[in-house]
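K.L.:
Pasting the sequence and the predicted coordinates here, then a few questions.
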Amino acid sequence: FSDNTPTVPLAEFVEPPNPSEDEPFVPLAEPIKMSETPVAAPTTPTTNGNGNGTPTQTQALNGDGDKTVASKSAIDENSIFSILYTVGKKVAIVGSIYLVGYMGWSVAWLIAPVILSVARDQLSKTSEKKRDIAKASALASEKDVILARIDELPAWVYFPDVERCEWLNKILKQVWPNANHFARTLVKETIEPNVALALANYKMNGFRFDRIILGTIPPRIGGVKIYDKNVDRNEIIMDLDLFYASDCDINFYLGGMKGGIKDFQIHGWVRVVMKPLIRSMPLVGGLQIFFLNNPNIDFNLVGVIDFMDMPGLSDLLRRIIVEQIGNVMVLPNKLPISLSEEVSAVALKMPEPEGILRIHVVEAKDLMKKDISVLGKGKSDPYAIINVGAQEFRTQIIDNNVNPKWDYWCEACIFTTIGHYIGFSLWDYDQTMPGVLSDDVLGRLASIDIASVIKNGVVDSWLTLEDAKHGLLHVRLQWYKLTANPNDLQQILLETQLLRVTTMSAAVLSVFIDSARHLKQARSSSKPDPYLVCSVNKQKQQTAMIMRDDSPVWEQGFTFLVNNPENESLLIKIYDQKTGNDIGQYTYSLSTLLKQFNMEVIQQPFQLQKSGPESKLYMSLSLRILKPGEIDKESDALEHGPAITRSSSVKTPDVAIVAPPLIKDPQATIKRLSSESPISEEDPVVVSKISPALSASTSSEKPISELATSVLTHRFPDSSSSAGEHGLGRMQLSIRYSAQRQKLDVTIHKIIKIPLRDPSNIPDPYVKLYLLPGRTKESKRKTGVIKDNCNPVYDASFEYLISIAELRQTELEVTVCTQKGFLSGGSPIIGMLKIPLDDSEITTQAGLNSWFDLQPEMRHE
């Protein structure tokens with residue numbers, strides 16, 4: 001732009017430009033002051049609704065006069081509080097300085113609060129500046145926004161499949177004054193009781209909203225995207241890039257204190273689902289509105305509650321308000337709106353999960369050191385947070401470790417696979433007062449598209465952390481689709497049993513609570529204030545409370561993960577809020593639902609127990625079984641890989657032995673065992689017992705550990721005349737790797753024929769394990785000591801958390817030692833083994849089960 005181009009800041013706008021001349025550029029570097037109201041039409045001191053009015057100097061003066069009167073009244077009302085606040089602040093400052101001198105403390109006690117206070121003020125100024133710029137952007141035209149802020153273009157510029165929708169912004173501007181009543185009802189009925197309940201957990205009671213005014217600035221849609229592929233023909237799906245920077249005026253009470261919310265802002269992608277499509281006007285039966293992922297929310301706390309800017313308290317209130325907004329509008333929570341009486345509430349409001357995403361956070365490596373110790377930089381106390389929409393999962397905290405191994409499992413219900421992401425973030429835990437977030441971020445991950453997990457079936461990889469100098473996170477994601485076939489239940493139950501993680505589910509239960517009829521009276525003087533609580537195992541969900549109604553209509557849906565529907569039940573209880581009494585309950589066995597057609601019950605009445613004779617509950621139930629998604633061949637090859645020849649420490653013929661994943665030839669198995677194990681040809685009974693056990697290894701419902709034990713019992717008898725190639729004895733080992741659990745299981749069964757050098761000095765053997773290369777302290781495992789025994793039996797099992805890629809580059813070092821070696825002055829090591837873990841037999845269900853000859857002591861590299 002040339003220097004002759006007129007520049008008119010928004011705060012100094014007096015006359016509109018001449019239409020015959022070029023449109024002036026309105027820079028956003030000097031936004032209007034938030035304390036000033038836009039100039040209005042001649043009759044009122046407010047902004048002209050159509051935006052075409054021409055303000056005059058008289059109007060500006062009138063506006064200033066009104067503001068002067070308002071400010072004087074505000075000063076009169078708050079003068080006493082301001083004086084008391086100033087006096088208290090001065091007393092606190094002087095008193096703290098006096099206390100530091102009186103107690104003889106270090107000057108650091110003064111410097112540290114000053115530094116924290118300055119840092120907080122700077123952060124507050126930065127946030128306020130961002131809010132002011134956002135407000136100015138919302139007030140200005142789109143052309144001005146693009147020219148002044150090239151680095152923050154709307155979504156339709158960046159994404160070719162996102163279209164402009166200025167026409168929609170004009171409609172929103174027109175209808176926005178009428179949206180205040182709807183917003184007030186939504187906040188009062190849904191957000192307010194949930195915020196009050198959450199604050200009550202911190203002994204902060206009496207929260208309620210007083211005044212809710214949205215202001216004059218409407219939301220702005222930066223772009224719209226319509227989906228026309230992989231969409232059901234009975235629905236329309238669109239995403240809106242929503243940006244809302246309001247001039248709202250919201251007041252609330254917390255106990256006897258009054259506070260307010262100003263400069264509320266929210267930015268995120270909103271999905272609007274129009275379903276079902278009908279043949280009568282308005283052609284769409286209803287809407288489902290929700291955020292796919294947690295939006296960016298910011299606001300400013302004002303009023304008496306501003307004292308909560310003391311460390312922690314304002315963060316607590318802010319976090320709770322943001323969480324409750326997410327509980328209303330972020331998946332799996334939806335805001336349903338019915339548009340036609342032809343569509344039932346069940347069709348619009350009952351949860352419809354598309355599948356389950358099983359998440360395994362395995363470990364992390366090379367994280368940043370955030371804690372400060374006496375000697376300088378310490379370590380970190382890391383934990384991970386997983387976000388899938390409003391669903392949040394948190395791993396355990398591992399103290400003082402920058403290479404933590406969590407082995408954390410969780411499952412998330414997925415309600416839409418289009419444009420939905422999963423996010424990971426790592427944090428360093430710092431002990432503070434409850435509700436205060438003072439933990440340091442160790443890094444975040446770029447969101448993983450759930451559609452890519454569905455395509456591959458399984459995603460197992462190391463991911464580089466963002467917003468961090470260094471660090472890696474190892475995660476494994478697996479997709480499970482949902483079926484209505486009860487015959488699939490046994491397969492998923494067997495899989496979860498082999499997984500040996502008790503919290504994993506086998507089915508998903510969707511519950512829609514419609515209404516109740518003729519509830520009994522909890523109080524003689526008035527009708528009850530009922531709410532309903534439904535639970536499956538330890539999972540609980542609660543409906544809203546309906547005031548003074550013995551036939552409440554809730555129309556709310558919930559989703560539960562079920563471990564085993566054959567022996568679990570849905571427990572429903574209805575309570576009166578005033579008295580807390582139980583006014584009705586019902587228990588539904590999920591095994592009954594397995595026998596229903598399509599495993600669902602739609603809008604059926606159920607007779608309530610411990611209630612009136614005509615008390616009934618109307619609800620719908622739907623049960624779906626988990627079934628693993630199809631695994632992409634490339635990712636499957638990554639887990640299993642080609643068969644690799646095993647180099648055993650046992651002396652075998654010079655023939656490469658390839659271990660197949662499934663043993664189909666019993667005779668070949670017997671030949672291999674005869675060369676590896678001390679089974680004599682004179683013991684045919686033992687050999688005949690091997691084949692049935694092995695053939696059942698792939699179909700047995702027993703845990704792998706029990707199966708391996710039964711196989712080994714028949715495969716390897718105790719009697720043997722051999723002490724191994726080197727005369728140091730033989731060891732019986734079982735090694736198995738589970739790619740799904742990312743775990744290596746090593747079982748030390750027994751050792752035979754340990755040489756007895758001195759009859760008066762019988763060894764006290766024990767076994768140590770290390771993973772090579774490295775021989776780190778974290779990989780050390782050790783059995784117990786067995787006194788005075790040359791044929792010890794341990795049957796001790798150990799686990800290692802390790803990825804399939806690391807497994808192929810790792811060796812297992814096994815060392816047999818005697819406790820008496822230290823006392824006699826000689827070496828405590830009896831024998832050693834080094835077993836490569838790149839054997840394909842280790843990754844089969846049965847694993848590697850063999851005898852190994854102990855070798856002489858090997859020096860560490």
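P.N.:
Noted; the coordinates are in hand.
K.L.:
Would you tell me which strand is longest in this structure?
P.N.:
Assignment by DSSP state E gives strand 257-274 as the longest strand of the chain.
K.L.:
and for whichever helix or strand comes after that strand, what are the contacting residues?
P.N.:
Downstream of strand 257-274, the next assigned helix or strand under DSSP states H and E is strand 286-291. Strand 286-291 is contacted from outside by 268-276, 326, 329-331, 333-340, 343, 347-348, 389, using CB atoms under 8 Å, 6 or more residues apart in numbering. Heads up, the C-betas are built off the backbone N, CA and C, glycines and all.
K.L.:
residues of strand 286-291 that come out buried?
P.N.:
The neighbour-count check on strand 286-291 (16 or more other CB atoms under 10 Å) flags 286-288, 290-291 as buried.
K.L.:
And these, which is closest to Thr185?
P.N.:
Taking CB to CB as the measure, Thr185 lies nearest Leu287 of the buried residues of strand 286-291, at 16.5 Å.
K.L.:
mind checking pLDDT for the closest one?
P.N.:
What the model reports as pLDDT for Leu287 is 93.
K.L.:
what about it, distance to Asp161?
P.N.:
Separation of Leu287 from Asp161 (CB to CB, to the nearest Å) stands at 22 Å.
K.L.:
now Asp582
P.N.:
In terms of CB to CB, Asp582 sits 53 Å off from Asp161.
K.L.:
so where do the strands sit in the stretch 351-500 of the chain?
P.N.:
For the stretch 351-500 of the chain, the strands defined by DSSP state E, counting those that start in this stretch cover 355-365, 372-373, 376-377, 382-388, 391-394, 405-414, 421-428, 440-444, 448-449, 458-464, 472-483.
K.L.:
mean pLDDT for those: which is lowest?
P.N.:
Among the strands of the stretch 351-500 of the chain, strand 376-377 scores lowest, with a mean of 56.
K.L.:
circling back to that earlier point, quick one, which of Asp582 and Asp161 is more surrounded?
P.N.:
Asp582 (15 against 12; other CB atoms under 10 Å).
K.L.:
Hmm, the more buried one is touching Ile574, no?
P.N.:
Yes: contact status for Asp582 versus Ile574: in contact at 7.2 Å, counting by CB atoms under 8 Å.
K.L.:
residues shared between the contacts of these two?
P.N.:
Contacts common to Asp582 and Ile574, judged by CB under 8 Å, 6+ apart, are absent.
K.L.:
Now do the same for Ile133: helix, strand or coil?
P.N.:
Of the three states, Ile133 takes helix under DSSP: H, G, I helix; E, B strand; the rest coil.
K.L.:
Next, find the distance separating Lys455 from Trp479.
P.N.:
Here the criterion is CB to CB. By it, Lys455 lies 9 Å from Trp479.
K.L.:
follow-up on the earlier one: name the residues of the longest strand of the chain that are buried.
P.N.:
Within strand 257-274, the residues that count as buried by 16+ other CB under 10 Å are 259-274.
K.L.:
Repeat that for stretch 602-616.
P.N.:
Neighbour-count burial for stretch 602-616 flags 606, 608, 611, 615-616 (criterion: 16+ other CB under 10 Å).
K.L.:
Then stretch 211-230?
P.N.:
212, 214-225, 227.
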